[in-house]
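Enquirer: My questions are about this predicted structure, shown below with the sequence.
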Amino acid sequence: MALDLASRLTDDHHQSLKLWLRMLSCTVRIENDIRARLRARFDVTLPRFDLMAQLERHPDGMRMGELSKRMMVTGGNVTGIASQLEREGLVARVPDPRDGRAYSVKLTPAGRRAFATMAREHEGWVIELLGDMPGDDKARLLELLAQMKGHLDAREENA
């Protein structure tokens, strides 16, 4: 058994803490595997892949602040990643049509092609990593996590 965040738990720990650490442990293990595969196969970091994924969902582009919020990283991190991708011809900065003083970042045609290739393989890796789990278990886990998200969203709205 691999040592991870959940391995330090004992029977005395609260069930909610056990659940949170187990989810975090699974997420970290999957993320580390994906991170290593992206680096080995495409020489790309996970944050670069994530930024391109955000832009792929917004073909007209996104402002840096919105990217930062969606990626849950600082504006400086987003700016650095976007600048690297721009130098490689994968993204372009374009004037924001809603505000002439601002600009948006969007994928270039080369960026779209590169991301499509990476996204296909990424999907295959995730399917492989979770492939041993029966479909009914995945469906039930999705249902439970949707309920959890609903509870968390409600708490945030009431705060």
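Expert: Nice, thanks for sending it over.
Enquirer: show me the contacts for Gly61.
Expert: Neighbour list for Gly61: Leu55, Val94, Asp96, Ser104, Val105, Lys106 [criterion: Cβ atoms under 8 Å, 6 or more residues apart in numbering]. Where C-beta positions appear, they are placed from N, C-alpha and C, glycine not excepted.
Enquirer: Just read off the phi/psi values of it.
Expert: phi 100, psi 170 (degrees, to the nearest 10).
Enquirer: Give me the pLDDT value at it.
Expert: pLDDT for Gly61: 91.
Enquirer: strand partners of the top strand by length along the chain, parallel vs antiparallel please.
Expert: Using DSSP state E, we find that the single longest strand of the chain is strand 99-107. Note on strand 99-107: by DSSP bridges, its sheet partners are strand 62-63 (antiparallel), strand 91-96 (antiparallel).
Enquirer: Now do the next helix or strand after that strand against strand 99-107, angle only.
Expert: Later in the chain than strand 99-107, the nearest helix or strand by DSSP states H and E is helix 109-129. Going by axes from the mean of the first three to the mean of the last three Cα atoms, to 10 degrees, helix 109-129 is angled at 50 degrees with respect to strand 99-107.
Enquirer: now the helix or strand following helix 109-129: mean pLDDT?
Expert: Later in the chain than helix 109-129, the nearest helix or strand by DSSP H and E is helix 135-158. Summarised as a single mean, pLDDT over helix 135-158 is 94.
Enquirer: buried stuff in helix 135-158?
Expert: Within helix 135-158, no residue is scored as buried using 16 or more other Cβ atoms under 10 Å.
Enquirer: what about the longest helix in this protein?
Expert: Criterion DSSP state H: the longest helix present in the chain is helix 15-42.
Enquirer: Grab the most central residue of this structure for me.
Expert: What sits nearest the mean C-alpha location of the chain, by Cα atoms, centre = their mean, is Asp50, with 5.2 Å.
Enquirer: my guess is that one meets Met71, correct?
Expert: Yes - assessed by Cβ atoms under 8 Å, Asp50 is found in contact with Met71 at 5.7 Å.
Enquirer: about what we covered before: show me what counts as buried in the longest strand of the chain.
Expert: Quick answer for strand 99-107 (16+ other Cβ under 10 Å): Ser104, Val105, Lys106, Leu107.
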